[in-house]
Every structure is written in structure tokens, then in C-alpha cells.
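# A predicted structure for the sequence below; I have some questions about it.
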Amino acid sequence: ERRPTALLTGAAGHLGGVLARRLAACGWHMRLTDIKPFEGPLPDGATFLTVDLEDKRAVQDAAAGCDLILHFGGISTEQSFEDIIGPNYRGSFHIYEAARYHRARVVFPSSVHVVGLYERGDKLDQDCVLRPDGYYGLSKAYGEMLARMYWEKHEVESLIVRIGSTLSEPTDRRFLSTWLSYDDFIALVRCSAEAERLAFTVIWGASNNSRSFWRDDGRARIGWQPEDSSDGYIERLDAVVTHDAIAEGLQGGRFVTVDYTREG
Ligand code: 15L
């Protein structure tokens, strides 16, 4: 089994923390970075460096010698355009420049929020038209296009994961469609190192949920097969809803309702 050296941005965040601990436990050499301090003890064999994604030079230096960049830094909730532009637009650009320079692969976490304005009843495939539900989703759509451009012009390989919702357990009805378990998430990220070739691969980041909004992606090509499912939570969570018709009707859920001004 390969033991890659991976640069992880956003190591102090929720999914960053999960990746830092679990990939270090798999024997990966983890180079952790964040603009905030890493809480708790550093995992075995990991190092931590404070890096601001807006500092191109610092990002470039942090990526030296890495096979893989797991880009989990940046803003992960709906915010103003001005707050998002630095970390998510400039920051992702710096990551792709570093990947090009150091010939590293990139795992780019995209999000359900790139398709948040589709109805819950729609079944989407990977080539669907993106319908971002806010400035955050829009920055993820830009990240996907950035990845595509760096693949087509510079042969930088990317795994784009349109993550639904990742917590230890689902907590409401929408989660029954969007849940990605930690185990399935880690297995997917491990595939990014194991796969012979990533090229430009798009994956819907959800476990085997029978209520999934999505189908058809690149999982067979990279050898990923989710094993968990939200189905066992249907009885308990089907009635756990927001009582907001917009949030409940669309794939993006609550994020859609932030500054929503369309009437009907
Ligand atoms: C996301 O993209 C967010 O980063 C995360 O916090 C969740 O809210 C998730 O989407 C979701 O919509 O469930």
C-alpha cells in the first residue's frame, strides 16, 4: 500500500480534522496547514504549519515534496461574496498553481451546494448543469472549473467530490439523501492516492442512500464503492424537517434560504 505525503489545508476544520487523524493512522505522511491553530494533539507523524491560503508563496512552499494536496481549507458556509473571495477564489487558485508546480494530485471538496437549486425529486448525473445556491456554492463551481482547466491545460489530476453532508450520523430528512459516512469518505480519499489515474474525476460524495439525489459518476474508474447507507435512519428521521417550503423542497436545504428574494 502506498503511503503518500499529503498536504492538507483546513486541518483545523471539521473534515480536515477527520482526515488528519484517520489518514495519519493509515500511515500517510500528513503535512497539516490552517490559518487557525490545530486543536488537540498532533496525530503521529503529522506536522503543522500556519498557512494563509491567500499567501501564494506560503502555499507553494507548503506543497513542496507532496504527492497529493487535500484542499479542505476555505469558507464552508454561506457568507458574503467579499468574505468568500479571498479564501475560496484566490486560495483555490494558489492550490492549483502549487499542484502544477510540484506535480501533485488534488482532492477538491466540492459540495451539494453547486446543485442546491435543483428540486429534491430530481436525479442528477455528473454532467448536469450546475445550479449553485449562493456565493459559497458558486465558489465551489469555480473550483470545479479551475480543476478542469488545470487538467486540460496542465495535466494536473483532480478528484472532485461533491460532498453531501458528512457527520458521524444523519440528523434530519435531507440527510437521508445526502449523508456520506466518515468511513466512506476516508475510503474515497484513499482512492485518490491508490488509483492508477485520476485525470479529472467527479464523484457524488454520498453513501449508498436509497433516497440519493444523484447517480452516474466516476467511482468505478477510481475503484470507490461506498459501504454505508442512511436507509436505517429513515424511520427515525423522515419527520425531522425544517418547515420551510424552500429549504425542504430543494437539494441545498437551508443554504438556499439565505438572502432568497424570489417570490414563488
Ligand atoms: C456544505 O457544503 C457545508 O460545508 C456543510 O457544513 C453542510 O452544511 C453541507 O454542505 C450540507 O448542506 O449538508
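On my side now, so go ahead.

# around the ligand, pick out the residues from the stretch 51-200 of the chain.
Contacts of the stretch 51-200 of the chain with the ligand, taken as C-beta under 6 Å from any ligand atom, map to 76-77, 111-113, 165, 178. Where you see a C-beta, it was placed from the backbone N, CA and C, and this is true even at glycine.

# where does the residue nearest the centre of the chain sit: helix, strand or coil?
Nearest to the geometric centre of the chain sits residue 109, at 2.0 Å (C-alpha atoms, centre = their mean). Using DSSP: H, G, I helix; E, B strand; the rest coil, the secondary structure recorded for residue 109 is strand.

# what's the most distant pair in the residues of the stretch 51-200 of the chain next to the ligand?
Across those, no pair lies farther apart than 77 and 178, at 15.4 Å, counting by C-beta to C-beta.

# which one's more surrounded, the two?
A direct count of neighbours by other C-beta atoms under 10 Å for residue 77 and residue 178 places residue 178 higher, at 28 against 12.

# okay, now the closest residue to that one other than its chain neighbours: neighbour count?
Leaving aside its chain neighbours, residue 178 sits nearest to residue 164 (3.0 Å; criterion: C-beta to C-beta, 6 or more residues apart in numbering). Neighbour count of residue 164, defined by other C-beta under 10 Å: 24.

# residues in contact with the residue nearest to the centre of the chain?
15, 71-72, 161, 163, 205 (C-beta atoms under 8 Å, 6 or more residues apart in numbering).

# taking those one by one, which sit in strands?
Among these, the ones falling in strands (DSSP state E) are 71, 161, 163, 205.

# going by distance to the ligand, which of these wins?
For these, the residue nearest the ligand by C-beta to the nearest ligand atom is residue 163; the value is 6.3 Å.
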